[in-house]
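J.: quick one, what's the 3D model for this:
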Amino acid sequence: QVQLVESGGGSVQAGGSLRLSCSASGNIASINTMAWYRQAPGKQRDVVATITSGGGTYYADSVKGRFTISRDNNKNTVYLQMNNLKAEDTAVYSCNAKLATTILPSVTLTYWGRGTQVTVSS
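T.: Coordinates of the predicted model:
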């Protein structure tokens, strides 16, 4: 069984910073892409940033230059450093990992965390 657990959310004033973490645990054989998504009230869930196992990154235009995604492959953990936060960044942030388990090492599935709330006040 695989679990993804996020941490680091909270409330901050505009211009502030937060660092989110997401750790994957369980019967993991390998992890490919890890990503952060967010969903604001009444809106669809959108991708924020992704990072491949080799370190290649992608950012949504709305966060470029302010957010940085990174990962520690030894800890099966992905991070999201969020700087210069804006009110429009308020959302539930969820992590996502495409990985293979030791039970089915040739099959890659997508797993999700439950999410962590980020609230930015202006």
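
J.: what is the burial count for Lys43?
T.: 9 (other CB atoms under 10 Å). The C-beta positions use only the backbone N, C-alpha and C, and glycine is treated the same way.

J.: kindly report the same for Ile103.
T.: Count around Ile103 with other CB under 10 Å applied: 11.

J.: contact partners for it?
T.: By CB atoms under 8 Å, 6 or more residues apart in numbering, Ile103 lies in contact with Asn27.

J.: so the residue minimising distance to the centre of the chain is in which element?
T.: Centroid-nearest residue in the chain: Trp36, 2.7 Å away (criterion: CA atoms, centre = their mean). Per DSSP states H and E, Trp36 falls inside strand 28-39.

J.: tell me the mean pLDDT for that strand?
T.: Summarised as a single mean, pLDDT over strand 28-39 is 97.

J.: buried ones in it?
T.: For strand 28-39, burial by neighbour count (16 or more other CB atoms under 10 Å) applies to Ile28, Ile31, Thr33, Met34, Ala35, Trp36, Tyr37, Arg38.

J.: just stretch 13-27 next, same as before
T.: For stretch 13-27, by 16+ other CB under 10 Å, it's Leu18, Leu20, Ser21, Cys22, Ser23, Ala24.

J.: what is the strand holding Trp36 packed up against?
T.: strand 18-26, strand 46-51, strand 67-72, strand 77-82, strand 91-101 (3 or more CB pairs under 8 Å, 6 or more residues apart in numbering; DSSP states H and E).

J.: adjacent strands (with direction) for the third one?
T.: When you say that, I think you mean strand 67-72. In the sheet, strand 67-72 lines up against strand 77-82 (antiparallel) (DSSP bridges).

J.: the last one too?
T.: For strand 91-101, sheet partners with direction are given as strand 28-39 (antiparallel), strand 109-112 (antiparallel), strand 116-121 (antiparallel), following DSSP bridges.
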